[in-house]
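S.K.: Sequence and predicted model, in that order:
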Amino acid sequence: MVELTNDDLKCISTFEELTGASVRDCIIAEDAITFIVAEGDLGKAIGKKGANITRVRQAFGRQVLVFEDSEQMEKFVRSLFAPIAVTNINVHDKMDSKTIYVHVDERDRGTAIGKGGNRIKLARTLVQRKFNCDLRLATH
């Protein structure tokens, strides 16, 4: 379990008040705040025509990213890369470490990596925090 700071808890509280969605985790970065919401709460977090997420972005004054939680590793990883089509997910167990290989189409590779590698770095951090394993991007 990841320890949340007071700042994390304040952000979670504000997000939950504005959206009605339950937050499972939060990562605060300089340029964005990322929230993992309970399974089934993504629609609540975004709101009708994006009204809730717009309010949240205005309240925090920066980009806000929202992903849906899942206890199923594959489902969680797919949500991190949506709307990119993940063609396959392989999990490799070696001794005391686990690595998830996420396969995307070659033309989606740049989007999956993100500007300056931000998307893949965030996905790695979230997978490490939740499932304690590494994440690698693979293309075919």
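M.R.: Everything's here; your move. If you're wondering where the values come from, they're calculated on a predicted model, not measured in any experiment.

S.K.: what mean pLDDT does stretch 127-140 have?
M.R.: Rounded to a whole number, the mean pLDDT of stretch 127-140 is 89.

S.K.: Next: stretch 4-16.
M.R.: When pLDDT is averaged over stretch 4-16, the result is 92.

S.K.: same check, this time on stretch 38-52
M.R.: 96.

S.K.: what residues are up against the closest residue to M73 other than its chain neighbours?
M.R.: Spatially, and ignoring its direct neighbours in sequence, M73 is nearest to F131 (5.5 Å; Cβ to Cβ, 6 or more residues apart in numbering). Where you see a C-beta, it was placed from the backbone N, CA and C, and this is true even at glycine. With Cβ atoms under 8 Å, 6 or more residues apart in numbering as the criterion, the residues that contact F131 are M73, F76, K98, I100.

S.K.: Please apply the same query to L126.
M.R.: Residues touching L126, when contacts are defined by Cβ under 8 Å, 6+ apart, comprise D25, I27, T34, I36, F67, F76, L80.

S.K.: farthest-separated two in those?
M.R.: Every pair in the contacts of L126 was compared (Cβ to Cβ); the two farthest apart turn out to be I27 and F76, at 14.6 Å.

S.K.: Next, count neighbours for V91.
M.R.: Around V91 sit 13 other residues, with neighbours defined as other Cβ atoms under 10 Å.

S.K.: what's the host helix or strand of it packed up against?
M.R.: In the assignment (DSSP states H and E), V91 maps to strand 86-94. Applying 3 or more Cβ pairs under 8 Å, 6 or more residues apart in numbering; DSSP states H and E, one finds that strand 86-94 contacts helix 73-81, strand 97-104.
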